[in-house]
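In: quick one, what's the 3D model for this:
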Amino acid sequence: MDEDWDDDSSQQTYQAQSSNSYQQGGYEQRNGNNFRKPRDDHRNNGRYNNRDRSRGSNRGDRDGRREQDYNRNSNEEDDERTTFFVETSKLGKVIGKGGSKIRELEAQTGAKIKINKDCVNGDATAVIVSGTKDAQDQVKTLIDELLSDQRPDRPFTINTMNLQEGNNVRNDDRRSAPIDWDAAAKEHDQYQAQKWEKYGSIKKNFYIEDPEVARLSKTEVEKIRKDNNDISVDHTFDIDPSQADSEEYKIPNPVQTFEQAFRNYPDILVEIRKQNFEKPSPIQCQAWPILLSGKDMIGIAQTGTGKTLAFLLPALIHIDNQDTPRSERSGPTVLVMAPTRELALQIEKEVNKYYYHGIKAVCVYGGGDRKKQMNIVSKGVEIVIATPGRLNDLIQTEVLDVKCVSYLVLDEADRMLDMGFEPQIRKSLLDIRPDRQTVMTSATWPPGVRRLAESYMKSPITVCVGSLDLKAVHSVTQKIWIVDEEEKTDVLKDFFHNMAPSDKVIVFFGKKCKVDDIGSDLALSGVACQSIHGGREQADREQALEDIKTGDVNILLATDVASRGIDIEDITHVFNYDFPRDIEEYVHRVGRTGRAGKTGESISLVTRRDWGLTKELIKILEEAEQEIPTELYSMSERYEAMKKKRDEERGDGDRRESGGRRYGGGGGGGFRSGGGGGGRGYGGGGFGGGGRRGGSRW
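Out: Residues are numbered from 1 along each chain as shown. As a prediction, the model looks like this:
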């Protein structure tokens, strides 16, 4: 029976059943790309024989089965084999769970189907089909139908290779044509237009310029902007100068009173007067005319400058004046995205201060009662304020329909990018109509925010209050105390001991565990305080904010989760127990006090490990005309000297052929260019040894 291994018809059937499992065992490729095991190797494979014996099989059983296979397939000696090359990423659809789809296809067609993962053509894998030609054609058709539910821009194709003897060359040798990107862009625009056509058009321009504002000369406009914290207004991206005065690109003049902005919306004026505001804030003066005109805007201003109201009041008018009745909209009209739960809740609280024509708002955020949030959203609201994670969750589960959103706000965009929310933001915007009005607020103007604006805004106008240079609010007295690390807790306790009964303080820490430790110490000492950080339950965080606002406690211990967006007007002090990791965060922490026209005081403990930020800190203090300790200048000078010396040593190391003072001298290389012969910096030692830092570690 051993001679049966040389019989072509028997080999064909056996190969169809076993090619995948024995390919790695040493099959050799013969004519027609049939894979066969050398006869002697197979006969002497003791492991194979032992395996069969352990399963209780015997030589007679194997001979009987092989004879049956031979008889069953004797009529298929002349059947050709065809290989379909299917994209590897789509192979799972062909295989099915546990091979169920292949078995189904074989039962339908009578053909034999095998996946040969060792036969790859680019990013496609071979699917070997044997049987009659009709059966093979039927398999091709069924696989084509199975994979036909893919994206229209990536059509499914099956590349065919005939594996009969003497013909192992691909029949399809066509090359893909170059992509016509202009045609693709045009096709995409047509698709977008058809997709959003059923949702109707959007009305954006609701601004009727007050005659007094319209008569302002350019000189008067510049003076108003200069007097309002030196407002600068310009197109974010370059435009054709000849179109600067066109209706599309014209920048509206600033307003100076609430009446000039909302004379045609008396109900809005009523709500504003209830809040006892005297006049618009600097950013509101310029933002309201721009947003009521339907233009995209980027507002750059420090926290506490009235940015929320700047985008909120135009949003209320936008909601109420669309052609599609509110009852017929499938989802919210206004979407506000915020980086943290606290900021989202603060925006919701601000929205709820203004009752305008029954417009309802809801705040959805991670950590909140998801079921309750879903119920509110499903009942219908006009404004949704959301954090990116929970927003994506509700969109994916089809609880929230954002296809009717025509007014989008990205609040504190720089903070959202710092927290790594850019992927979630971009994913959410895929489901929002592209002809919307978009507003972006930020305290800074980093490259990431600019990139986001380029992608999702149309001809935006930038309104910047003050300069783009980072600076702290001038209503805060900034004090810097140079201390040792082990002295910080005693200094903080002394501060608590000397607090006046009317004082309120937020103490910022770098770690959650330190917040809990200090909080426990204060509680044991009988000092009432609250704490807020990312590890606490949302209900506890909300209660902490409520207690500090109402005066139940005067001390709030926090991490940077509270450094932005928390509007507590009567905070008198900010205490930086741990200096922040970057100077931007320092500015935002300091901005928690000195709000709403009040003054405040910040105290920052600086240790030796913070010397890398001293140069930037000095610039902030000098700009605000604050007192600067002499030791802070010394720390900055020492750090700059150390950095210069390190750069010189790095340069010396790079210029030397082997090693150097920083990267290790001599020896046989190693981690980070370290050699076995020592060296002062991170490089000395490598895997070989020596070196003050790095050698022993590696």
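In: what's the burial count for Leu316?
Out: 24 (other Cβ atoms under 10 Å). In this view, the C-beta of every residue, glycine as well, is placed from N, C-alpha and C.
In: to which secondary structure element is it assigned?
Out: Applying DSSP states H and E as the criterion places Leu316 in helix 307-320.
In: what is that helix packed up against?
Out: Contacts defined by 3 or more Cβ pairs under 8 Å, 6 or more residues apart in numbering; DSSP states H and E place helix 307-320 against helix 266-274, helix 282-292, strand 297-300, strand 334-337, helix 341-351, strand 407-410, strand 437-442.
In: what would those look like in JSON lines with distance to Pro501, mean pLDDT and mean neighbour count?
Out: Output for these, formatted as JSON lines (distance: least, Cβ to Cβ, whole Å; pLDDT from 0 to 100; neighbours: other Cβ atoms under 10 Å):
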{"stretch": "helix 266-274", "distance to Pro501": "31", "mean pLDDT": "94", "mean neighbour count": "15"}
{"stretch": "helix 282-292", "distance to Pro501": "34", "mean pLDDT": "96", "mean neighbour count": "26"}
{"stretch": "strand 297-300", "distance to Pro501": "38", "mean pLDDT": "94", "mean neighbour count": "25"}
{"stretch": "strand 334-337", "distance to Pro501": "38", "mean pLDDT": "98", "mean neighbour count": "26"}
{"stretch": "helix 341-351", "distance to Pro501": "26", "mean pLDDT": "91", "mean neighbour count": "22"}
{"stretch": "strand 407-410", "distance to Pro501": "40", "mean pLDDT": "98", "mean neighbour count": "26"}
{"stretch": "strand 437-442", "distance to Pro501": "36", "mean pLDDT": "95", "mean neighbour count": "26"}
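In: what's the neighbour count on Gly551?
Out: Using other Cβ under 10 Å, Gly551 is surrounded by 10 other residues.
In: how about the contacts made by it?
Out: Gly551 is in contact with Lys504, counting by Cβ atoms under 8 Å, 6 or more residues apart in numbering.
In: please redo it, this time with the cut-off set to 10 Å
Out: Contacts for Gly551 (Cβ atoms under 10 Å, 6 or more residues apart in numbering) come out as 502, 504, 570.
In: so which of those residues wins on neighbours?
Out: Lys504 (21 neighbours).
In: tell me how far that one lies from Ile518.
Out: 17 Å (Cβ to Cβ, to the nearest Å).
In: what of Pro332?
Out: Distance, Pro332 to Ile518, using Cβ to Cβ: 41 Å.
In: so between the two, which is more surrounded?
Out: Pro332 (26 against 21).
In: contact partners for that one?
Out: Counted by Cβ under 10 Å, 6+ apart, Pro332 has contacts 319, 360-362, 377, 380-386, 400-402, 404-407.
In: what's the closest non-adjacent residue to it?
Out: Val384 (4.5 Å; Cβ to Cβ, 6 or more residues apart in numbering).
In: and the one you found, bridged to which residues?
Out: Beta bridges link Val384 to Leu335, Val362 when assigned by DSSP bridges.
In: neighbours of it, how many?
Out: Residues within reach of Val384, counting by other Cβ under 10 Å, total 26.
In: pretty sure it contacts Ala361?
Out: Yes: counting by Cβ atoms under 10 Å, Val384 does reach Ala361; the two are 7.4 Å apart.
In: re earlier: format the helices and strands packed on helix 307-320 as a markdown table; extra columns: distance to Asp610.
Out: Putting the helices and strands packed on helix 307-320 into a markdown table (distance: least, Cβ to Cβ, whole Å) gives the following:
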| stretch | distance to Asp610 |
| --- | --- |
| helix 266-274 | 44 |
| helix 282-292 | 32 |
| strand 297-300 | 27 |
| strand 334-337 | 33 |
| helix 341-351 | 26 |
| strand 407-410 | 32 |
| strand 437-442 | 26 |
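In: between the ones you listed, which gets nearest to Glu487?
Out: helix 341-351 (31.0 Å; Cβ to Cβ).
In: secondary structure element holding Asn116?
Out: strand 112-121.
In: top helix in the protein by residue count?
Out: Using DSSP state H, we find that the single longest helix of the chain is helix 630-655.
In: run through the neighbouring helices and strands of that helix.
Out: Secondary-structure packing of helix 630-655 (3 or more Cβ pairs under 10 Å, 6 or more residues apart in numbering; DSSP states H and E): strand 476-482, strand 600-606, helix 614-623.
In: mind redoing it with 8 Å?
Out: strand 476-482, helix 614-623.
In: what residues does the last one touch?
Out: So that's helix 614-623. In contact with helix 614-623 (Cβ under 8 Å, 6+ apart) are residues 469-472, 478, 480, 583, 586-587, 606, 627-628, 632-633, 635-636, 639-640.
In: run the last query once more with 6 Å
Out: Residues from elsewhere that reach helix 614-623 (Cβ atoms under 6 Å, 6 or more residues apart in numbering): 471-472, 583, 628, 632, 635-636.
In: mind picking the two most distant members of these?
Out: So, those by Cβ to Cβ: farthest apart are Lys471 and Met635, at 20.9 Å.
In: looking at those two now, which is surrounded by more residues?
Out: Set Lys471 next to Met635 and count neighbours by other Cβ under 10 Å: Met635 wins out with 23 against 16.
In: mind listing the helices for the stretch 501-650 of the chain?
Out: For the stretch 501-650 of the chain, applying DSSP state H, counting those that start in this stretch gives helices covering 512-524, 538-550, 583-590, 614-623, 630-655.
In: for Gly200, find the nearest of the ones you listed.
Out: Among these, helix 538-550 comes nearest to Gly200, with 37.4 Å by Cβ to Cβ.
In: now do the buried residues in that closest one.
Out: Using 16 or more other Cβ atoms under 10 Å as the test for burial, helix 538-550 gives 541-542, 544-545, 547-549.
In: from those residues, which single one is nearest Gly368?
Out: Glu542 (9.3 Å).
In: list the contacts for the closest one?
Out: By Cβ under 6 Å, 6+ apart, Glu542 has no neighbours at all.
In: related to what we said a few turns ago, okay, the contacts of Gly551 in JSON lines with pLDDT next?
Out: Listed next are the contacts of Gly551 as JSON lines, based on pLDDT from 0 to 100:
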{"residue": "Ser502", "pLDDT": "92"}
{"residue": "Lys504", "pLDDT": "95"}
{"residue": "Asp570", "pLDDT": "89"}
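In: take those residues and keep only those in strands.
Out: Judged by DSSP state E, those include no members of strands.
In: ok, and which of the helices of the stretch 501-650 of the chain has the densest surroundings?
Out: helix 583-590 (a mean of 22; mean count of other Cβ atoms under 10 Å).
In: what angle sits between it and strand 600-606?
Out: Here the directions of helix 583-590 and strand 600-606 differ by 140 degrees (axes from the mean of the first three to the mean of the last three Cα atoms, to 10 degrees).
In: mind giving me the domain ranges of the chain?
Out: Domain ranges of the chain: 1-78, 81-161, 211-464, 476-635, 656-698, per automatic domain parsing.
In: ok, which of the ones you listed comes nearest Ala183?
Out: Closest among these, using Cβ to Cβ: domain 81-161, at 12.0 Å.
In: got phi/psi on Leu394?
Out: Backbone torsions for Leu394, taken as degrees, to the nearest 10, come to phi -70, psi -30.
In: once you drop chain neighbours, what's closest to it?
Out: Spatially, and ignoring its direct neighbours in sequence, Leu394 is nearest to Leu400 (3.9 Å; Cβ to Cβ, 6+ apart).
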